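# model the following, please.
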Amino acid sequence: MGYLYISLTIVLTVYGQIVLKWRLNLKGSMPEGFLAKLQYFWEIFWDFWVISSFISAFLASFTWIAALTKFDLSFAYPFTSIAFVLVLFLSYYFFAEPLSWQKIAGTFLIVGGIILLAQSK
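Residues are numbered from 1 along each chain as shown. All right, here's what the predicted structure looks like:
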């Protein structure tokens, strides 16, 4: 059950990041003036999808709490780096963000570290 909690934490976190970036891309860059920034944040804050990303972050906190009742923090926390891997590839797929060999190599190093860590339990 502990791995399910970690997985849900990762999925909810990644969902929130991808949705937030999607909606911010649609909204455009933050304006310069103070009042314009307030207006920008007001509009972003009330966007249904942005609200759903906040909710996913809130729910991720609960699944993370549940995960920490099953595992040591030093064991569980590195698994959250899987979110980096998912965000990297989903950002490439959904937003056409560039993929460099350095990003891919770093991702493989993260995955290798997670595999080593998982075997240490």
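
# the helix or strand hosting Gly106: which residues count as buried?
Element membership for Gly106 (DSSP states H and E) is helix 101-118. In terms of neighbour count (16 or more other Cβ atoms under 10 Å), helix 101-118 has its buried residues at Lys103, Thr107, Ile110, Ile114, Leu117. For glycine as for every other residue, the C-beta is placed from the backbone atoms N, C-alpha and C.

# of those, which is the nearest to Ile82?
Using Cβ to Cβ, Ile114 comes nearest to Ile82 of the buried residues of helix 101-118, at 6.5 Å.

# ok, that closest one - contacts?
By Cβ atoms under 8 Å, 6 or more residues apart in numbering, the contact list for Ile114 reads Pro78, Phe79, Ser81, Ile82.

# of those - the most surrounded one?
Ile82 (20 neighbours; other Cβ atoms under 10 Å).

# contacting residues for the most centrally placed residue in the chain?
Taking Cα atoms, centre = their mean, the centroid of the chain lies closest to Val14, which sits 3.3 Å from it. For Val14, the contacting residues are Ala83, Leu86, Val87, Leu90, by Cβ under 8 Å, 6+ apart.

# where does the nearest residue in space to Val14 that is not next to it in sequence sit relative to Pro78, distance-wise?
Nearest non-adjacent residue to Val14, counting by Cβ to Cβ, 6 or more residues apart in numbering: Leu86, 4.6 Å away. Separation of Leu86 from Pro78 (Cβ to Cβ, to the nearest Å): 15 Å.
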